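> Generate a structure from the sequence data that follows.
(chains A and B)
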Amino acid sequence: MRKIGIPEIEDIALGAALLGAGGGGDPYVGKLVAIGAVQECGPVTMLEPDEVPDDALVVPIAMMGAPTVLCEKAIGGGEYKTLYDTVSTFYGKPIYAFMPIEAGGVNSMLPIAAAARLGLPLVDCDGMGRAFPELQMVTFTMGGGSATPMAMVDEKGNSCIFRTVTNRWTEEMARAVTMACGGSVSVSLYAMEGKFMKEYGVRGIVTRSETLGSAIRKVKEVTDKTPEEAFLEITQGYRLFKGKICDVLREVRAGFNFGKVMLEGIGDYKGDSAYVEFQNENLSAVVNGKLMATTPDLICLVDTETFTPVPTDALKYGKRVMVVGLKCFPLWRTEEGLKLVGPRYFGLDTDYIPLEERCKGGC
Amino acid sequence: MYKLGIDVGGTNTDAVLIDENLDVVASVKQHTTANIYDGILNAVRAVLEQAGVDRSEIRQAMLGTTQCTNAIVERKNLAPIGILRIGAPASRGIPPMVDWSEDLKAIAVGSAIVGGGFEYDGKEIAPFDAAAAEAFFRKLKEKDVKSVAISCVFSTVRNDHELEAAKLCREVMGEDVHVSVSSEIGSMGLIERENATILNAALYKVAQSFTEGFAQSLADEGVSNAQIYLSQNDGTLMTMDYARRYPILTIACGPTNSIRGACYLSKLKNAVVIDVGGTTTDLGVIQNGFPRESGVAVTIGGVRTNFRMPDVVSIGLGGGSIVRRREDGTVTVGPDSVGYQITEKALCFGGDVCTATDIAVRLGMTELGDKSLVAHLDRDFAEKALAAIRSLCEDAIDAMKVSSQDVDVILVGGGSIILPADLAGAKSVTQHKYGGVANAIGSAISKVSGTYEQLMDYDKIPREEALAKAKAEAVELAVAAGAIRETVEIIDAEDVPLQYYPGNTARVKIKAAGDLA
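Alright, predicted model coming up:
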């Protein structure tokens, strides 16, 4: 158990941008929502998963809708109380704690605001250990967990909770409600008991975000090694490539951003070439024609000077980036996990080989 | 008739006098003074002496200034203000100034979030809570606040709640209260737009003093027939009166002016502009004659804003950059610089610091100072330094390009002598004898604009007809602001449909700009 205040939020937001692996949206507005809540209601208590009783109700909090709408309407502040009432009434028991559903991007921040405003603890655990684009892409799916009953509320006080027969229906209904409410809503999904969370959740992920964020912030202060060495050591990252962006190919299909960023080597990689393919998040990294990493391992692009993460929507010609691979949560590497988020699900014609094996012989 | 253009930068205050054919008659460079008026006065005096023209023939005077940026960065002369946000129950989770530093937060005497605001489609989130706004304005009046920032959720889609609040504010607090309205300042993104509006409100005294100071220094020099204009960061001019209402729009006009000046001198409409100063080099892009705007949030004095700013990259390379040889034999240039002390400290001027300028003199790229004072520099050392300068500059050019194709490059600024004439990535490199004062020229040749903004019902007037009408109105506004009709062009047009608004309504915004008469 420990406290999360404003300095911790700053670091978690920066780390969350890295764990977004190119996607997840800019955590900036989310960060302001969390800071606003903590300024008003005080710091948040964060629990380790094992501190949560087995039968306690744990509820992940997120937002759905257009980030541009969130940037204009933000959060009213009353949404989390409405969510609490809606969910606890439905289950007939109080909510014990909130948690994030994903560690990457804006959704890493909102559960902190919810916990602050309700005076409830936040659990150091999520369902991805990164960001993914689709509703069912959480570790809880492997344990038979369901996104519904899903509660949705807006800042005006409108609320609903619904059950669906498939994830496809969940997406349909959630989209309809989101549009009717003005394009951005707060949601709770995959509500679960403590026991289930401990079994399937990605433990310690908020702390990992914070460690990553603090490492990026302080990377220039390290004296005994180069900033790059320090960055790779703390993130336990694999340096896959360093280069200049020489082209970005983009395409929007079915609401997702597809694309490919082409890189020309710099420094030690002069004369080499690489590309990274993405669908909201980065999917694969290929260096000199050789596949070096694929989903579900994290492929992150960071600025070569500041090591700040570069999301897919900020890729532009001339930017110098380092491509870093981070190992994903072990459960994603199982057969069931790979069915949900492995390379073949995203249309890549390759089996999954763990990052550390692909990188064996040097990269 | 003549135009007088002045640009106040961190190091230099430049002035140019331009005739009616837009040819440069005289140009000077003076040091910026701690009290900027002396610097302006010196520059005006010097340029008038050089030109020797009849002062009554100067009909226009344009000033580009960094006063507002400095006031925010140094937290000086900022006025106490009130902040009203319309949008409850939305947006309350992020109170105004939530991530501002404490010293800057202190400018807010009071803030309130009241009911109102809109959805993305123009539907009301809630009716405007005029009673709550009125009560808030009364409190501000009691505390003797003279400036108020008003923002509203989705006011970029519909601004009626903001305008209603502004009217109410003047009724309650008096006609002399300074009201800043967010929809007239920023774009999408409530927090960034509100931040810019708050800064604008806090700058009203600064704006008052520099507009009056400029007018005074002109009058003191006998320039009494001139219309006075201030440069905006989009490359157009605003009147003194408008600058007093929207001082925030002067921020970053320096890079804009230098880009526009470079464009004018080179006659190129699309190019990368490299402005080499004493300490830093700014790179910007000119697209169809206007600076390319930045797509990312712009931070001023630690405050994130989102209003239009030129896309500029700064690197630590200038005429005064210090050149050093490291133990391993490599040669580094900058980022530290002797700055404005170059005429004392550089080797070629008899000083003891090796600067980028000395390298240029040593390699015979320019005639400056005393060549014999740099003759002792090892040629290999000088070549290595030039290679370092080249690589810094070529990397920056590359970062500004949008594709791998080579681009035209325009070199301006006093320090441009340090750059080699052939740069990788450059299709051509253009320099001009007045390149050193491109920013003052940019200020002098700026256009005046008019912006027309209105909700239009396309069921009543078809879209084509409505847009044509709006464009005509914008042209009239530009002409009213002093533009020559024949030169007026539409520089920006947007129409955003409001889906849930009665009828088939859109918010239409057109900006037209033309040359000053």
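
> Which residues does stretch A:175-186 contact?
A:61-66, A:69-70, A:73, A:75, A:79-80, A:83, A:110, A:114, A:152-154, A:156, A:158, A:160, B:119-120, B:123, B:125 (C-beta atoms under 8 Å, 6 or more residues apart in numbering or on different chains). Heads up, the C-betas are built off the backbone N, CA and C, glycines and all.

> Give me the buried entries from those.
A:61-66, A:69-70, A:73, A:75, A:79-80, A:83, A:110, A:114, A:152-154, A:156, B:119-120, B:125 (16 or more other C-beta atoms under 10 Å in any protein chain shown).

> Sort out which residues of stretch B:54-63 are buried, please.
Going by neighbour count (16+ other C-beta under 10 Å), the buried part of stretch B:54-63 is B:Arg55, B:Ile58, B:Arg59, B:Gln60, B:Ala61, B:Met62, B:Leu63.

> Stretch A:300-307 too?
A:Cys300, A:Leu301, A:Val302, A:Thr304, A:Phe307.

> which residues sit in contact with the closest residue to B:Asn225 other than its chain neighbours?
Spatial nearest neighbour of B:Asn225, excluding adjacent residues (C-beta to C-beta, 6 or more residues apart in numbering or on different chains): B:Ser56 at 4.8 Å. Neighbour list for B:Ser56: B:Gly222, B:Ser224, B:Asn225 [criterion: C-beta under 8 Å, 6+ apart].

> Now do the phi/psi pair for B:Ser56.
Taking degrees, to the nearest 10, you get phi -70, psi -10 for the backbone angles of B:Ser56.

> Chain A versus that one, what's the distance?
Noted for B:Ser56: a distance of 50 Å to chain A, by C-beta to the nearest C-beta, to the nearest Å.

> pretty sure B:Val181 contacts B:Ala166?
Yes. Using C-beta atoms under 8 Å, B:Val181 makes contact with B:Ala166 at a distance of 5.4 Å.

> Next, count neighbours for the nearest residue to A:Leu14 once chain neighbours are set aside.
Taking C-beta to C-beta, 6+ apart, and ignoring the residues beside it in sequence, A:Leu14 has A:Gly213 as its nearest neighbour in space, at 3.4 Å. Applying other C-beta atoms under 10 Å in any protein chain shown, we find 24 residues neighbouring A:Gly213.

> surely A:Gly213 meets A:Gly15?
Yes. Using C-beta under 8 Å, A:Gly213 makes contact with A:Gly15 at a distance of 3.5 Å.

> any idea which of the buried residues of stretch A:300-307 is least confident?
For the buried residues of stretch A:300-307, the weakest pLDDT value sits at A:Thr304, with 87.

> Switch the contacts of B:Ser56 over to TSV; also include secondary structure, pLDDT and neighbour count.
Below are the contacts of B:Ser56 laid out as TSV (DSSP: H, G, I helix; E, B strand; the rest coil; pLDDT from 0 to 100; neighbours: other C-beta atoms under 10 Å in any protein chain shown):
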residue	secondary structure	pLDDT	neighbour count
B:Gly222	coil	89	13
B:Ser224	coil	88	12
B:Asn225	coil	89	15
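
> Chain A against chain B: which residues are in contact?
A:28-29, A:31-33, A:35-37, A:39-40, A:66, A:68-69, A:71-79, A:113, A:155-157, A:182-183, A:244, A:246-247, A:314, A:316-319 (C-beta under 8 Å from any C-beta of the partner chain).

> one more time with 7 Å
Contact residues (C-beta under 7 Å from any C-beta of the partner chain) of chain A with chain B: A:32-33, A:35-37, A:39, A:68-69, A:71-78, A:113, A:155-156, A:182-183, A:246, A:317-319.

> before we move on, back to that, need phi/psi at the residue nearest to A:Leu14.
Dihedral angles (degrees, to the nearest 10) for A:Gly213: phi -60, psi -40.

> pLDDT wise, what is it at?
95.

> mind checking the SS state of the closest residue to chain B within the stretch 51-200 of chain A?
Closest approach between the stretch 51-200 of chain A and chain B, counting by C-beta to the nearest C-beta: A:Ile75, at 3.5 Å. Three-state call for A:Ile75 (DSSP: H, G, I helix; E, B strand; the rest coil): coil.

> what residues are up against it?
A:Val33, A:Ala113, A:Glu155, A:Ser186, B:Gly93 (C-beta atoms under 7 Å, 6 or more residues apart in numbering or on different chains).

> Quickly check these for the two that are furthest apart.
A:Ala113 and A:Glu155 (12.7 Å; C-beta to C-beta).

> Just give the strands next to the one helix or strand B:Val273 maps to in its sheet, each with its orientation.
Applying DSSP states H and E as the criterion places B:Val273 in strand B:271-276. Using DSSP bridges, the strands paired with strand B:271-276 are strand B:281-287 (antiparallel), strand B:407-412 (parallel).

> Thanks a lot, see you next time.
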